[in-house]
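Undergrad: no sequence on this one, just coordinates:
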């Protein structure tokens, strides 16, 4: 896996504030995503846009198609958040690792969902994400960070990024391939155990304007 400097630097911030790694909602796999999505969070906030991870979230790592068992959930999510209100943000497709952004273009054509082209990998690309929603014609009505939810399988990229943005985080704990069988999965399981033991809670999403 390519080195992710953004994640390495950002994780250092968590040494001071570990709660940045705590999601507002946890599900085992993508097909357990609540509908409507706002029901995943206390108080059913006004969620108007979703940032969606790809690898090991709705697709097997580096695959360019929806994992068959998740097709129904993906289709439902796309209907709930049409147009640019659903944005795929991957640390493979759409990054500098994606030559000429060919993978991003393929995903957009096959899935009908925009893929963010970003120069900095997650979690450091949160500024590029907010700019996307701020300038997108389809993003009209998305004015605050707490109107955005991030769905992904990594605490140290997806969840951390959501909390840095001031948005809501849905952690897909196991993913397509059970995360606990992998090094990162074991590390993240221990992080969650530590947060729970110490009584840390997820940060309150920010109502600050985009």
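TA: Perfect, I can see it now. Bear in mind the structure is a predicted one, so any value in this text is a computation, not a measurement.
Undergrad: going forward, measure contacts and count neighbours with C-alpha atoms only.
TA: Fine.
Undergrad: distance between the ends of stretch 149-164?
TA: Terminal residues of stretch 149-164 are spaced 12 Å apart (C-alpha to C-alpha, to the nearest Å).
Undergrad: distance between it and the chain's centre?
TA: 5 Å (C-alpha atoms, centre = their mean, to the nearest Å).
Undergrad: try stretch 138-157
TA: 7 Å.
Undergrad: where exactly do the helices run in this structure?
TA: In order along the chain, the chain carries the following helices (DSSP state H): 5-16, 71-80, 102-111, 126-135, 160-165, 183-197.
Undergrad: check which helices and strands the fifth one sits against.
TA: Using 3 or more C-alpha pairs under 8 Å, 6 or more residues apart in numbering; DSSP states H and E as the contact definition, the elements that helix 160-165 packs against are helix 126-135, strand 168-172.
Undergrad: off-centre distance for the shortest one?
TA: Distance of strand 168-172 from the chain centroid (C-alpha atoms, centre = their mean) equals 7 Å.
Undergrad: in its sheet, what does it sit against?
TA: Sheet pairing for strand 168-172, assigned by DSSP bridges, gives strand 25-27 (parallel), strand 148-152 (parallel).
Undergrad: most packed of the ones you listed?
TA: strand 148-152 (a mean of 27; mean count of other C-alpha atoms under 10 Å).
Undergrad: first-to-last residue distance for stretch 113-129?
TA: Counting by C-alpha to C-alpha, you get 15 Å between the two ends of stretch 113-129.
Undergrad: name the residues that touch it?
TA: Defining contact as C-alpha atoms under 8 Å, 6 or more residues apart in numbering, one finds that stretch 113-129 is touched by 4-7, 10, 78, 83-84, 86-91, 93-96, 101, 104-105, 107-108, 156-158, 160-162, 164-165.
Undergrad: in that stretch, which residues are buried?
TA: For stretch 113-129, burial by neighbour count (16 or more other C-alpha atoms under 10 Å) applies to 113-118, 120-126, 129.
Undergrad: just to check, residue 92 is in contact with residue 99?
TA: No: between residue 92 and residue 99 there is no contact, the gap being 10.1 Å when judged by C-alpha atoms under 8 Å.
Undergrad: so for these two, which residue has more residues nearby?
TA: residue 92 (19 against 11; other C-alpha atoms under 10 Å).
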